[in-house]
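> output the structure for:
(chains A, B, C and D)
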Number of protein chains: 2
Amino acid sequence: MAALSGAVYARLRDEIVAGAVAPGAKLMPQRLALRYAASAAAIREALIRLAAEGFIESLPQRGFRAARTGPDVIWEIAHFRILIETEGARLSIARGGMEWEANLTAAHHRLAHLESRMRGESLDAGQLRLWSASDRAFHEALIGACGSARLLAQHRLAFDQFKQHVIALDPTLGFRGAELLQEHADILQAALARDAEGCAAALRRHFDTYRRVTPGGAG
Amino acid sequence: MAALSGAVYARLRDEIVAGAVAPGAKLMPQRLALRYAASAAAIREALIRLAAEGFIESLPQRGFRAARTGPDVIWEIAHFRILIETEGARLSIARGGMEWEANLTAAHHRLAHLESRMRGESLDAGQLRLWSASDRAFHEALIGACGSARLLAQHRLAFDQFKQHVIALDPTLGFRGAELLQEHADILQAALARDAEGCAAALRRHFDTYRRVTPGGAG
DNA sequence: ATTCTTTCGAATTTCGAAATTCTCGCCTAT
DNA sequence: ATAGGCGAGAATTTCGAAATTCGAAAGAAT
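Got it, this is the predicted structure:
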């Protein structure tokens, strides 16, 4: 979709994931048509795709709204992300070679450098944006050798939607400085040690902040 | 989407999942507009949604085609389905109550009855359609108490896409009669015994027919 | 005072046609 | 003979307006 409709999709998606659209806010094709220099029909196509992917919700004959959020929604997405990411890591640990290790190490190096630098300072938006991109790169590198395009695509959606909902409740993205540094190091170490279960455990700990009561056990 | 575009979406989806559209076949809005008594724009909206969900593929400026298939695609989807379904079953086993058990038992009863009756007979399309619906109902009942709308939605997509690809290579849906009867019984038994690991193992066996080499171990 | 109906402005959805882009056969030059 | 460019036809994409539907306010009836 390099077409106009695709460009609108990309811009809208970025704004939503960046927290620029309030949860539950109406997204009206005619209004957006002005901001994006496109017809209402083109906007609609973008909205339909965003709705199918879960970023917004579509009410028949009633238009589109940004997804509503809440702690339970965040935890549901976190749970799904853990599922996808532990499986992707498990597969990568089993299949990945030197290239995977190198990419993962590089991504972690960049991420750790940022997190280390951000420990003390005040957090401006630019830094957070950079950190979020590095965080994404690291987690994608972790599952990069899983061999399943479907898993990678699902992870990308889950990652962005997780960010979308977290940022809506907390603009600082729940940045936890030193803790994050340690958690990411744990994930990296387990992955390089080819310890799939340890890596899964480290990933679950990584999401503990968002955990809610779940009778399911390990989660 | 009770709108026209939504109706077209539903009909197209049914036809694709039922195997009525050859893999890789072009889906041209103008042509489809005649068959569905709708404008090309409305068809396009349906196609965009189908593409976002993975039933068809969208090539920018080059239209839409039914997803291409192959054994590796089938196994990738099977692998994803196993992931979703074992997790959904695990959660349901932990959270589900009497209602869940009752629904699951009922769904299995209907399915087993059909499979038992279909063991000897020749398979006509009507029977297969009925069996497929019962199969879906059983697998959905299995994860019905997982408590995650996202997991249920993903399972529905994965289930239908699995069927779409299997039916494309084998119109009999790989119906395996007596084996299926046993496999579904194993799944039910483990679920009712609240044995999450046993249930996961039974599910993995259920998909063994489609297995390909995967270095990942349990898979 | 409450509930039900009616009406009207606004938003969603759909359409048919225009504008853009792609595809493929044909022609030309090397 | 073959590679590369040209152009006609077809398909995709976009648009602006028409048709449908919704939501709320005003009015009537109990």
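> hey, let's count contacts and neighbours off CA atoms from now on
Fine.
> A:Arg119: what's it in contact with?
The contact partners of A:Arg119, by Cα atoms under 8 Å, 6 or more residues apart in numbering or on different chains, come to A:Gly177, A:Ala178.
> any idea of the angle the lengthiest helix in chain A forms with helix B:71-95?
When chain A is parsed with DSSP state H, its longest helix is helix A:71-95. Interaxial angle, helix A:71-95 versus helix B:71-95 (axes from the mean of the first three to the mean of the last three Cα atoms, to 10 degrees): 130 degrees.
> helix A:71-95 and chain B, are they touching?
Yes - using Cα under 8 Å from any Cα of the partner chain, helix A:71-95 reaches chain B at A:Glu76, A:Ile77, A:Phe80, A:Leu83, A:Glu87, A:Arg90, A:Leu91, A:Ala94, A:Arg95.
> if you rank the residues you listed by neighbours, which is first?
A:Arg90 (26 neighbours; other Cα atoms under 10 Å in any protein chain shown).
> okay, that residue and A:His108: tell me how far apart.
Distance of A:Arg90 to A:His108, given as Cα to Cα, to the nearest Å: 18 Å.
> repeat that for A:Ala10.
27 Å.
> just A:Ser134 next, same as before
Distance, A:Ser134 to A:His108, using Cα to Cα: 8 Å.
> ok, A:Glu45 next?
Noted for A:Glu45: a distance of 37 Å to A:His108, by Cα to Cα.
> how far does stretch A:157-176 sit from the chain's center?
The chain centre lies 8 Å from the centre of stretch A:157-176; the measure is Cα atoms, centre = their mean, to the nearest Å.
> do that stretch and chain B come into contact?
No - on the criterion Cα under 8 Å from any Cα, stretch A:157-176 is out of touch with chain B, staying 10.3 Å away.
> what is the rounded mean pLDDT of that stretch?
The predicted model assigns stretch A:157-176 a mean pLDDT of 92.
> buried set for it?
Using 16 or more other Cα atoms under 10 Å in any protein chain shown as the burial criterion, the residues of stretch A:157-176 that qualify are A:157-169, A:173, A:175.
> and the strand or helix carrying A:Arg129, what does it pack onto?
Counting by DSSP states H and E, the element that carries A:Arg129 is helix A:125-142. Helices and strands touching helix A:125-142, by 3 or more Cα pairs under 8 Å, 6 or more residues apart in numbering or on different chains; DSSP states H and E, are helix A:71-95, helix A:98-118, helix A:149-169.
> please point out which parts of that helix sit buried.
Of all the residues in helix A:125-142, those buried under the rule 16+ other Cα under 10 Å are A:Leu128, A:Trp131, A:Ser132, A:Ser134, A:Asp135, A:Arg136, A:Ala137, A:Phe138, A:His139, A:Glu140, A:Ala141, A:Leu142.
> any idea how many residues pack against whichever residue of chain A sits closest to DNA strand D?
Residue nearest to DNA strand D within chain A: A:Leu4 (2.9 Å; Cα to the nearest atom of the strand). A:Leu4 sits with 17 neighbouring residues when counted by other Cα under 10 Å.
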